[in-house]
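*Asks:* Quick check, what structure comes out for this input:
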Amino acid sequence: MTRCLTLSPNFLLESRALTNGAAAARARAMPCAMRPEEMESRDASPTGATVVVMRLYVAGGAPNSLKAIANLEAICKEYLQDSFELEIIDVLEFPLRAVADGVLVTPSLAKVSPSPAAKIVGDLSDRSNVLRALGITE
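*Replies:* As a prediction, this is how the structure comes out:
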């Protein structure tokens, strides 16, 4: 089983560990509870709201990776509140996962569900582009 960070809306607190060192975040990393197919099939929360399922591929504590985490944190806090699931994958620790998922550049964000799927590369500072990829209207 692959170890990775599977984060929910509480990642707003947890992601601080990445800015203080990737080792701290890896120490708290837990095995993924769901296979990718299971994550893709989840498109609604128990309350009926649509859940946005995303994967963020980062390269350890690289500056652009940390910026991408911070930018995504702000977007999720403002627009998605409790309606998202985020899996952060460190490609330095899991290079085969990145290759299998077709990720060649970090940071990269993949929206898994709801359809249509979308990918965006970079530090996620272009907010309007990220919102469009996630299917969010301002």
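*Asks:* hey, which helix or strand in the chain has the poorest pLDDT?
*Replies:* Of all the helices and strands that make up the chain, strand 30-31 has the lowest average by mean pLDDT, DSSP states H and E, namely a mean of 34.
*Asks:* Mind naming the longest helix for this structure?
*Replies:* Ordering each helix of the chain by length in residues (DSSP state H) puts helix 63-75 first.
*Asks:* for the record, mean pLDDT for that one?
*Replies:* Mean pLDDT, helix 63-75: 95.
*Asks:* do stretch 81-97 as well
*Replies:* Here the average pLDDT along stretch 81-97 is 93.
*Asks:* for stretch 100-109, same thing?
*Replies:* 94.
*Asks:* List the contacts of that stretch.
*Replies:* 54-59, 62, 64-65, 67-69, 72, 89, 91, 98, 110, 119-124, 130, 133 (Cβ atoms under 8 Å, 6 or more residues apart in numbering). C-beta here means a position set from N, CA and C on the backbone, and glycine is covered the same way.
*Asks:* Helices of the chain, residue ranges please.
*Replies:* Using DSSP H, helices in the chain cover 11-14, 16-19, 22-28, 36-41, 63-75, 95-100, 127-134.
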